[in-house]
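1. Here's my sequence, what's the structure:
(3 chains)
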Amino acid sequence: MARKRFHGLKRVKFRATWNKYNLFNLSRLKAPNTAFMTYYQQKWSAKSITRAYHGEHIREGQWERMFTPLLNSVIPMDHRYLAENDGSEMAAGRGSGLEKPMDLKKIAFGKNQIPYMHMTYAPIERRLDTAIFRALFASSVRQARQFVIHGQVKVNGKKIPYPGYLLNPGDMFQVEPDRVLFATGAPKVKVKTDAEKIRYERRIGRQSNITRDAALAKRSARRKAKEADELADDTIEFAPKLQKSTKIIQGDPEVRKLRQKEFLKLIRQIEDRIGNKKVRRTGKLKQHLRMLLRRAKANLIFIQKKSVDELETELREITQELLGQTEEVESPDKGPVKRLKTESEMTPIMKQALEKAIARIRENPSDSTKPYATPWRPRPYMSAFAFVPRYLEVNHKICSAVYLRHPVARPGLSEVPTPFPAETQQLAFNWYLRRR
Amino acid sequence: MVVKIRLARFGRRRAPFYNIVVAQARTARNSKPIEVLGTYDPIPKAPIDGEGKRWKDIKLDSARAKYWLGVGAQPSDPAWRLLSMAGLLEPKYRPKA
Amino acid sequence: MPPSLRCTSSLPSTCAKKLCRAGQLTRSFSTTPSQDQRITRNRRQLFRWLGSQGQSFLNPLSGSTNYLGAYNAQGQLKRVVEAAAEAEKKKKLKEGKGGEAATQSEPELGNEDKEFKGEIPPETTRDLQPFPLNRSFISQPVLSDELREEIWKRVLQDGKSVREVSAELTVEMSRVGAVVRLKEIEKEWERTGRPLVNPYHEAVMSMLPKTPYDPTGKIKPKPHESINDLPVHRATGTQIFHPTSESRHFTRADAAEVFSERLLPPDLRVPHPELAEMHKDYKAGLSVEEREERQKERDAIADRKRERAAKKQAKKEAAVKKVDTGRVVFRFTEISVDEAGKDGRGFKGVGWRYGHPHMDRTRGAVKIPTSVE
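-> Below you'll find the predicted structure:
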């Protein structure tokens, strides 16, 4: 039998995803018409549609074991009230005429009631995969589950490959940032004509050239270091100079690695730009681009030899020039290509703006090797689903979150995100009470 | 028959866990011993704050261990090592200086 | 396998139109009707909706949240429609008043128009409902970046206790702890040069409601959440008929005792009992010095309690004999053999038990850890 459509349009089932079909389904979601149903049918249909959203990937038996009729709730207390009253005023005057008749108009029905029924599926919110989805680290619960299984998620610093791990209050979970960017970023558009395929292959070839160049450079650097060592044995005068160079080679391999990565990123960016034939460029611009590419590659070759500061300035300069170029290419109607202003000619404000722009580009570069559209931007229709429930504290900068406590209901509000009205939830709750 | 102080391996594959036991020398390794003196978990644990050396957990009733040594129980080599670390015996193998 | 056919000009036009819209190529010589590409009424509706009402959700609304509950059936922002109607109403009212106030009201009217046209009015609770059918769930504000930084600063730089910071900024204590923990990791990433995921962070924060914080202190900080939540205890779920004399002064504490002997009164069960104590002092008309004095006393008691707990912990730690062998530290904990009991199965006894099969040997049992660390 063919698998049923996950986001079917015929029978509306709202799922825990950010899909646009799903959004459409949410816009037409209605509580089932229970007028002509038996009570059993009502409960069945309620259970059916609510389970399509809450832990749809969990087996029914598993969920039944998780279900509990005990629902957590809290009452917010005012410390001033607690200080001024000891509670006896609630008991005073019964029968002695102090009691006032109830004013039905004044009681806000529904507003101060605790929506207990919305807490039916609260135990599912404790699961690791659901929490990842709620923290906006994945675009669906199933995707979150996959991240966990693939070992991209850590709980308290330890890899936990179980999507069903039940979080305890105070547990911190971290998802690999690249996976999060993939899950929440706009998809990469794949259009591959024959010409593009050829171009792609060419680029692959070029990249292998780069790596070969880098390997060659490394080998030559090693050879040179060796020669220098031999030299040092013979002559003492060279000793201080040599010490310095070896120190550079040894110093901060981590930093060097990072810089190397940035250079590779930059090279890829320049190559992308050169490969992009949609934008017309003057010969001079093309030459400039090629020059930048050569310069970046040269830096990559000497990554082990140059000092970290030197690399940093090179990186900055190349990025800056590349940035300057975009401005000119993207606004061809501004007349003839303007000469780039050198750093000395700029006002401080301009400098600041440039600095910011460079930082932004370095933070969010275009990189064709990523599995999402670059520069990164949120995926379409994400904003309609973007909310973070209160039982989580999320830091999106580091793709980490802390599960503070179990979700609770309070007067008028429930912390379990659910698209269904209280009646439907109540029917579902009654289904699982096992007294049907 | 000789009474020995030795380790009985429990736990699972690649996750050893030992009981420090007093048993007759000829009985099977994991058979019910005369007495369980303690446990030895050989898998080192990382310190919670992430600083300092890793540690191994040993639980031991040193009074009972002393008693059994006093009545002539023979520790096996690994048991000797642990008991000497606990200060109940002279170390058998001294690390080379 | 036959070579794949492509839609070329030689094929009939139906192919070019229908298939390309479906986004995939099929065998044009196939005689079976392909179910997937059938354009049903529902699919037509979907695409119509995506092109009209759904267009608002394609990209985030700048400077605001963008939930389904904020839009009406026509795909217009409810609050914008309402603001427009309000402005229209006011305009009509003023026109009706006649010429006498016309000169005065003109500038005001202009202001209102600007207000409505220039910026979207702020969200109400209704606009924060991601699910239109569920009124009980709203997207509640998250901490803004400034507020997070302030919490971190107050706890780690000013050395305030979590309890104090929680009461000052009305943020739950557990949240304060979590913010500091996450912020520390963030700073660690910055120190080691690991790139932060700033573009994603900015995008998400622009889609969420936030609790603002003004670091300059000009604007009074808004309470983020209720910090004195009293958990509803299970024992209070039952209805109890408890006869007592009418003249009795029946307090919360008495009620708690009636529900269950072990249930504490709410004054002790709330997370911040010290706030009520402070307010009591204030109500008693004590001077500022006296109140400070009493607060100090209470702090001293709390400190002593903490010290005692720390001492107990230190004593426990000191009882463990540590032997450093170079690579690892062996920790010897003293136990008693007798705790295993006569049958060797006592609750406190240590060691692997004899005569008890382990459940993890059963087939297909996946052991998910129940806690980490």
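2. which residues touch residue A:380?
-> A:20, A:186, C:58, C:59 (C-beta atoms under 8 Å, 6 or more residues apart in numbering or on different chains). C-beta here means a position set from N, CA and C on the backbone, and glycine is covered the same way.
3. I should have written residue A:57 there, sorry.
-> Residue A:57 touches A:129, A:141, A:142, A:145, counting by C-beta under 8 Å, 6+ apart.
4. Those residues into CSV, with extra columns for neighbour count, pLDDT and secondary structure?
-> Output for the contacts of residue A:57, formatted as CSV (neighbours: other C-beta atoms under 10 Å in any protein chain shown; pLDDT from 0 to 100; DSSP: H, G, I helix; E, B strand; the rest coil):
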residue, neighbour count, pLDDT, secondary structure
A:129, 28, 97, helix
A:141, 26, 97, helix
A:142, 18, 97, helix
A:145, 22, 97, helix
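5. Output the below-cut-off pLDDT ranges for the stretch 51-200 of chain C.
-> C:98-118 (pLDDT under 70).
6. all helices in it, in order from the N-terminus.
-> Ranges of helices in the stretch 51-200 of chain C, per DSSP state H, counting those that start in this stretch, are C:55-58, C:78-97, C:102-118, C:145-152, C:162-169, C:173-192, C:198-207.
7. Chain B now?
-> In chain B, the segments counted as helices under DSSP state H are B:62-70, B:77-85.
8. Ok, which of the helices of the stretch 51-200 of chain C comes nearest chain B?
-> helix C:173-192 (11.6 Å; C-beta to the nearest C-beta).
9. Could you give me the buried positions within the closest one?
-> C:173-183, C:185-186, C:189 (16 or more other C-beta atoms under 10 Å in any protein chain shown).
10. so does it get close to chain A?
-> Yes: interface with chain A: helix C:173-192 contributes C:174, C:175, C:177, C:178, C:179, C:181, C:182, C:183, C:185, C:186, C:189, C:192 (C-beta under 8 Å from any C-beta of the partner chain).
11. can you tell if that helix touches chain B?
-> No: applying C-beta under 8 Å from any C-beta, one finds helix C:173-192 separated from chain B by no less than 11.6 Å.
12. for that helix, the distance to its chain's centre please.
-> 16 Å (C-alpha atoms, centre = their mean, to the nearest Å).
13. For it, name the packing helices and strands.
-> strand A:171-175, strand A:392-395, strand A:400-403, helix C:145-152, helix C:162-169 (3 or more C-beta pairs under 8 Å, 6 or more residues apart in numbering or on different chains; DSSP states H and E).
14. need those in TSV with distance to residue A:301, can you?
-> Formatted as TSV, the helices and strands packed on helix C:173-192 follow (distance: least, C-beta to C-beta, whole Å):
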stretch	distance to residue A:301
strand A:171-175	36
strand A:392-395	38
strand A:400-403	37
helix C:145-152	40
helix C:162-169	52
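15. How about chain B: which residue is closest to chain C?
-> For chain B, C-beta to the nearest C-beta, closest residue to chain C: residue B:10, 3.7 Å.
16. Not counting sequence-adjacent ones, nearest residue to that residue?
-> The shortest distance from residue B:10 to any non-neighbouring residue, by C-beta to C-beta, 6 or more residues apart in numbering or on different chains, is to residue C:352 (3.7 Å).
17. Any idea which of the helices and strands packed on helix C:173-192 gets closest to residue A:155?
-> strand A:171-175 (5.0 Å; C-beta to C-beta).
18. That closest one near chain B anywhere?
-> No: if you take C-beta under 8 Å from any C-beta as the test, strand A:171-175 misses chain B, and the best it gets is 13.9 Å.
19. Would you pull up the residue in the stretch 151-300 of chain A closest to chain B?
-> Taking C-beta to the nearest C-beta, the stretch 151-300 of chain A has residue A:157 as its residue nearest chain B, at 8.4 Å.
20. for that residue, what are its contacts?
-> Contacts of residue A:157 (C-beta under 8 Å, 6+ apart): A:172, A:174.
21. Might you report the residue contacts of the closest residue in space to residue A:286 that isn't next to it in sequence?
-> Distance criterion C-beta to C-beta, 6+ apart; nearest residue to residue A:286, sequence neighbours excluded, is residue A:274 at 7.5 Å. By C-beta under 8 Å, 6+ apart, the residues touching residue A:274 are A:286, A:289, A:290, A:293.
22. 10 Å - rerun?
-> A:203, A:281, A:286, A:289, A:290, A:292, A:293 (C-beta atoms under 10 Å, 6 or more residues apart in numbering or on different chains).
23. on that earlier part again, the residue nearest to residue B:10 touches residue B:7, doesn't it?
-> No: Residue C:352 is not in contact with residue B:7 according to C-beta atoms under 10 Å; the separation is 11.2 Å.
24. Residue 87: neighbour count?
-> Looking at chain A here, since you left the chain open. By the measure other C-beta atoms under 10 Å in any protein chain shown, the count of residues near residue A:87 is 20.
25. try again with chain C
-> Residues lying near residue C:87 (other C-beta under 10 Å) number 16.
26. what separates it from residue C:152, distance-wise?
-> 43 Å (C-beta to C-beta, to the nearest Å).
27. Once you drop chain neighbours, what's closest to residue C:234?
-> residue A:70 is the one closest to residue C:234 (C-beta to C-beta, 6+ apart), at 6.8 Å.
28. quick one: low-confidence ranges for chain B?
-> In chain B, residues with pLDDT under 70: B:94-97.
29. Run through the strands of it in chain order.
-> With DSSP state E as the criterion, chain B has strands at B:3-12, B:15-24, B:35-45, B:54-60, B:74-75.
30. sorry, back to before: could I get the helices and strands packed on helix C:173-192 in a markdown table, plus columns for distance to residue C:263 and mean neighbour count?
-> Below are the helices and strands packed on helix C:173-192 laid out as a markdown table (distance: least, C-beta to C-beta, whole Å; neighbours: other C-beta atoms under 10 Å in any protein chain shown):
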| stretch | distance to residue C:263 | mean neighbour count |
| --- | --- | --- |
| strand A:171-175 | 28 | 22 |
| strand A:392-395 | 30 | 25 |
| strand A:400-403 | 27 | 25 |
| helix C:145-152 | 33 | 20 |
| helix C:162-169 | 24 | 19 |
